[in-house]
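**Student:** mind looking at a prediction? Sequence and model below.
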Amino acid sequence: MKKSKPNPKANRNILWFVYAAVFLFLAMGIYLGYFLVVKSDTVIDNPYNARATIFEDRVTRGKILADDGTVLARTVTATGSDGTETREYPYGSLFAHAVGYSTVGKTGIELLANFDLLRSHTNLIEQTADEIMGRKSVGDNVVTTLNVNLQQIASDALGKNRGSVIAIEPDTGKILCMVSKPSFDPNTVAANWQDLVNGDSTEARMLNRATQGLYPPGSTFKIFTLLSYLKQGNDPNAFSYDCNGTFEYNNYAMHCYNNKAHGSENLMDAFGNSCNCAFSNIGLSLDLDAYHKLCQKMLFNQDLPTALKNTAVSKMTLEDGASSSLIMQTAIGQGDTMVSPLHMAMVASAIANNGTLMEPYIIDHTQNESGTIVKQFDATSYGELLSSSDAATLQEYMRFVVTNGTGSVLNSDLYEAYGKTG
């Protein structure tokens, strides 16, 4: 019997088929691992995912706690046969925007930690017993970075004024307090929904002004104008300006606050006095392309590096060819420039942390009902927002604002404050 000769071409085809099959298998394995590690929480948290409803049917939503364990949100089950669950917020409006609500949709930490609150890591025996008895398991608790005392102090300081207060620990990125006013009571969101949504639009009580609000930065923007001026090679010791309260250029006039004449100023004086005339003049001397690029590096016109959801994007769009009046306005924080309080707090924290920005976060860890830590959220460095030497320079100027300038109300022997008024 005559044997057929091996067909090299057929063998190569089989080999390529095997390679392709192995490659597809490995690719599917890699994607599955990526999905489980990176994307699974996002998919489960999606409001269109029916699996979230399954979790809610089987797990009682966990508590949200302050940094010291104080309860900020909890689920209370009614006694009796119906077992109706009610989400309670013991501090009412004080933590409304930071903690959020979970009745008519979800916001704040209720949204950010939705999946964690609906997972139960009670011991296996309890979970098995709950399953057999048809009971809900107890969800994990979320421990935040928020400090009750600081939150109350910030709220009291803001009073009835419209605005926000946010405090970030510079070397970790922990958000210590987040207040927005006017506020609302998360306990009554469902009952007052129509009023909250369709009420007086100027109130905008549902808006978290700290993270979602966009406002003219005012004179706080002089931090960026000053930094750009210095980085463009200008000698700060050579700067001199004689302020008479008004600066006019191309038929456009800029005035200092209350038309105050600051007189002869060096650069430190101009920054400490928050002199609009001097900084309008500085703005006209800047290379606008370099000015714009510096602001881009300082997180303008891009999503902020933070795990917080629904954060606003700050805008700085000054470019070559802009009118002299717009340049003058922009240099002092007016014009078309808009910022969020969160963004400005991040910039300030990076300056305080010698140029390194730590990404802001509001959840420290999750734990089961007995207090065993399930997941720890560690501090994450975004990297160098500005050089350590630039940060040191701005610290010097911002310290002068408090010791000799417009922020002197904060000067005290009890602490060392740095700042920029606006």
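**Tutor:** All right, it came through fine. The structure presented is a predicted model; accordingly, all values stated were derived computationally and were not measured.
**Student:** so what's Gly321 up against?
**Tutor:** Applying C-beta atoms under 8 Å, 6 or more residues apart in numbering, one finds that Gly321 lies in contact with no residue. Where you see a C-beta, it was placed from the backbone N, CA and C, and this is true even at glycine.
**Student:** that one and Gln395, how far apart?
**Tutor:** 34 Å (C-beta to C-beta, to the nearest Å).
**Student:** quick check: which ranges of the stretch 201-350 of the chain have low pLDDT?
**Tutor:** Screening the stretch 201-350 of the chain residue by residue with the criterion pLDDT under 70, one finds the ranges 201-202.
**Student:** and the strands in the stretch 101-250 of the chain?
**Tutor:** Counting by DSSP state E, counting those that start in this stretch, residue ranges of the strands within the stretch 101-250 of the chain are 137-138, 141-144, 163-168, 175-181, 241-243, 246-249.
**Student:** now tabulate these in CSV and tack on distance to Val374 and mean neighbour count.
**Tutor:** Converted to CSV, the strands of the stretch 101-250 of the chain look like this (distance: least, C-beta to C-beta, whole Å; neighbours: other C-beta atoms under 10 Å):
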stretch, distance to Val374, mean neighbour count
strand 137-138, 13, 21
strand 141-144, 9, 26
strand 163-168, 25, 22
strand 175-181, 21, 25
strand 241-243, 58, 17
strand 246-249, 59, 15
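**Student:** those strands: which one's closest to Asn354?
**Tutor:** Evaluated over these, closeness to Asn354 peaks at strand 163-168, with 15.0 Å, by C-beta to C-beta.
**Student:** give the partner strands of that closest one in its sheet and their orientations.
**Tutor:** Strands flanking strand 163-168 in the sheet, each with its direction: strand 175-181 (antiparallel) (DSSP bridges).
**Student:** among the strands of the stretch 101-250 of the chain, which comes closest to Lys315?
**Tutor:** Each of those was checked against Lys315 via C-beta to C-beta, and the shortest separation belongs to strand 163-168, namely 18.1 Å.
**Student:** tabulate the strands of the stretch 101-250 of the chain (a markdown table), appending distance to Ala98.
**Tutor:** Supplementary listing: the strands of the stretch 101-250 of the chain in a markdown table, determined by distance: least, C-beta to C-beta, whole Å:
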| stretch | distance to Ala98 |
| --- | --- |
| strand 137-138 | 24 |
| strand 141-144 | 8 |
| strand 163-168 | 9 |
| strand 175-181 | 4 |
| strand 241-243 | 42 |
| strand 246-249 | 42 |
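**Student:** which of those strands sits closest to Ala73?
**Tutor:** Taking C-beta to C-beta as the measure, these were each checked against Ala73, and strand 141-144 came out nearest at 8.7 Å.
**Student:** may I have stretch 206-225 as PDB, with CA atoms only?
**Tutor:** Listed next in PDB are the C-alpha coordinates belonging to stretch 206-225 (Å, rounded to 0.1, in the frame of the first residue of the first chain):
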ATOM      1  CA  MET A 206     -30.000  69.900  44.800                       C
ATOM      2  CA  LEU A 207     -26.800  71.200  43.200                       C
ATOM      3  CA  ASN A 208     -23.600  70.300  45.000                       C
ATOM      4  CA  ARG A 209     -21.900  73.600  44.500                       C
ATOM      5  CA  ALA A 210     -18.600  72.200  45.800                       C
ATOM      6  CA  THR A 211     -18.100  69.800  43.000                       C
ATOM      7  CA  GLN A 212     -20.700  70.700  40.300                       C
ATOM      8  CA  GLY A 213     -20.800  74.500  40.600                       C
ATOM      9  CA  LEU A 214     -18.800  76.700  38.200                       C
ATOM     10  CA  TYR A 215     -18.000  80.300  39.100                       C
ATOM     11  CA  PRO A 216     -15.700  83.200  38.200                       C
ATOM     12  CA  PRO A 217     -12.600  82.500  40.300                       C
ATOM     13  CA  GLY A 218     -12.100  86.200  41.100                       C
ATOM     14  CA  SER A 219      -8.700  87.200  42.500                       C
ATOM     15  CA  THR A 220      -7.900  83.600  43.500                       C
ATOM     16  CA  PHE A 221      -7.000  83.200  39.800                       C
ATOM     17  CA  LYS A 222      -4.000  85.600  40.400                       C
ATOM     18  CA  ILE A 223      -2.200  82.500  41.600                       C
ATOM     19  CA  PHE A 224      -2.100  81.300  38.000                       C
ATOM     20  CA  THR A 225      -1.300  84.700  36.600                       C
END
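**Student:** give me the buried positions along that stretch.
**Tutor:** By 16 or more other C-beta atoms under 10 Å, the buried positions in stretch 206-225 come out as 206, 208-225.
**Student:** and the residues you listed, which of them are in helices?
**Tutor:** Secondary-structure check on the buried residues of stretch 206-225 using DSSP state H: residues within helices are Lys222, Ile223, Phe224, Thr225.
**Student:** for the last one, give its distance to Ala204.
**Tutor:** In this case it means Thr225. Applying C-beta to C-beta, one obtains 30 Å for the distance of Thr225 from Ala204.
**Student:** same question for the second one.
**Tutor:** Using C-beta to C-beta, we find Ile223 at a distance of 27 Å from Ala204.
**Student:** any idea how far stretch 327-344 is from the middle of the chain?
**Tutor:** Here the centre of mass of C-alpha atoms in stretch 327-344, compared against the chain's by C-alpha atoms, centre = their mean, to the nearest Å, lies 18 Å away.
**Student:** and what of stretch 62-74?
**Tutor:** In terms of C-alpha atoms, centre = their mean, the gap separating the centre of stretch 62-74 from the centre of its chain is 21 Å.
**Student:** over to stretch 62-81?
**Tutor:** Averaged C-alpha coordinates place stretch 62-81 at 25 Å from its chain's average position (C-alpha atoms, centre = their mean).
**Student:** hey, C-alpha coordinates of that stretch in PDB?
**Tutor:** Extracted as PDB, the C-alpha positions of stretch 62-81 are listed here (Å, rounded to 0.1, in the frame of the first residue of the first chain):
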ATOM      1  CA  GLY A  62     -25.400  49.200  54.800                       C
ATOM      2  CA  LYS A  63     -24.600  52.300  56.800                       C
ATOM      3  CA  ILE A  64     -22.600  55.300  55.800                       C
ATOM      4  CA  LEU A  65     -20.300  56.400  58.600                       C
ATOM      5  CA  ALA A  66     -18.200  59.500  59.400                       C
ATOM      6  CA  ASP A  67     -14.500  59.100  60.100                       C
ATOM      7  CA  ASP A  68     -15.100  58.400  63.800                       C
ATOM      8  CA  GLY A  69     -18.000  55.900  63.200                       C
ATOM      9  CA  THR A  70     -20.800  58.400  63.600                       C
ATOM     10  CA  VAL A  71     -23.800  57.300  61.500                       C
ATOM     11  CA  LEU A  72     -24.600  59.500  58.600                       C
ATOM     12  CA  ALA A  73     -27.100  57.200  56.800                       C
ATOM     13  CA  ARG A  74     -28.800  54.000  57.800                       C
ATOM     14  CA  THR A  75     -31.600  51.700  56.800                       C
ATOM     15  CA  VAL A  76     -34.400  51.200  59.400                       C
ATOM     16  CA  THR A  77     -36.800  48.200  59.000                       C
ATOM     17  CA  ALA A  78     -40.300  48.700  60.200                       C
ATOM     18  CA  THR A  79     -41.600  46.300  62.800                       C
ATOM     19  CA  GLY A  80     -44.500  44.000  61.700                       C
ATOM     20  CA  SER A  81     -45.100  41.700  58.800                       C
END
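**Student:** many thanks, we can stop here.
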